[in-house]
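Student: Curious how this folds, go ahead:
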Amino acid sequence: MRSAPRTDIQHHDHIVLLVDSFYGRVRNDELLGGIFNGIIGDRWPEHLEKMHRFWGTVLINEGSYTGTPLRPHLHMPIGAAHFQRWLTLFLATVDDLFEGPVADLAKRNALRMADMFQERIERYRTRSQDFIQ
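Tutor: Below you'll find the model as predicted:
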């Protein structure tokens, strides 16, 4: 049996499918699930809505997200292994659902964000330790 052809990310329903599918994987992941579920708790609907706005703004120019995406992650107990797993799940989700220029943009943005978040969190922790000592 042949699977349906994948389309590119084109509208808000695609963003919802991407985000909800990805975070479904995160919530059930052995490495990430406990961290995300522990921090988000029963606020998953609000978190998913925020992520719909974020990725909708980044990928299809919805302009519905405002905020500082790094700040909530600064105190999370995450490191290189967590970012690698996050990326693996995100890239696999995109590849499973979509193909095309916007899907490629989603993957490039995820790679850039993971690198930037990891670097800035490490810098924040280093500076925090400098103030403590």
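
Student: Remind me what the helix ranked longest in the chain packs against, helices and strands.
Tutor: When secondary structure is assigned using DSSP state H, the longest helix within the chain turns out to be helix 101-132. When contacts are defined as 3 or more Cβ pairs under 8 Å, 6 or more residues apart in numbering; DSSP states H and E, helix 101-132 packs onto helix 44-60, helix 80-97. The C-beta positions use only the backbone N, C-alpha and C, and glycine is treated the same way.

Student: can you tell which of those helices is closest to residue 73?
Tutor: Shortest separation from residue 73 across the helices and strands packed on helix 101-132 is recorded for helix 80-97, at 10.0 Å, computed as Cβ to Cβ.

Student: Quick one: mean pLDDT for that closest one?
Tutor: Computed over helix 80-97, the mean pLDDT rounds to 97.

Student: Helix 101-132 and that one, what's the angle between them?
Tutor: Angle between the axes of helix 80-97 and helix 101-132 is 170 degrees (criterion: axes from the mean of the first three to the mean of the last three Cα atoms, to 10 degrees).

Student: Would you mark the buried spots in helix 80-97?
Tutor: Buried residues in helix 80-97, counting neighbours by 16 or more other Cβ atoms under 10 Å, are found at 82-83, 85-87, 89-90, 93-94, 97.

Student: Pull up the gap between residue 80 and residue 127, please.
Tutor: When Cβ to Cβ, to the nearest Å is the yardstick, residue 80 and residue 127 sit 19 Å from each other.

Student: between the longest helix of the chain and helix 44-60, how big is the angle?
Tutor: Orientation of helix 101-132 against helix 44-60 (the same axes, to 10 degrees) gives an angle of 120 degrees.

Student: From here on, call the first residue 885.
Tutor: Got it, first residue is 885 now, which makes that one helix 985-1016.

Student: how much distance is there from helix 985-1016 to the middle of the chain?
Tutor: 11 Å (Cα atoms, centre = their mean, to the nearest Å).

Student: For residue 924, which non-adjacent residue is spatially closest?
Tutor: With Cβ to Cβ, 6 or more residues apart in numbering as the measure, residue 931 is the residue that lies nearest to residue 924, at 5.1 Å, once sequence neighbours are left out.

Student: In CSV: the helices and strands packed on helix 985-1016, plus distance to residue 913.
Tutor: What follows is those, written out as CSV (distance: least, Cβ to Cβ, whole Å):
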stretch, distance to residue 913
helix 928-944, 14
helix 964-981, 6
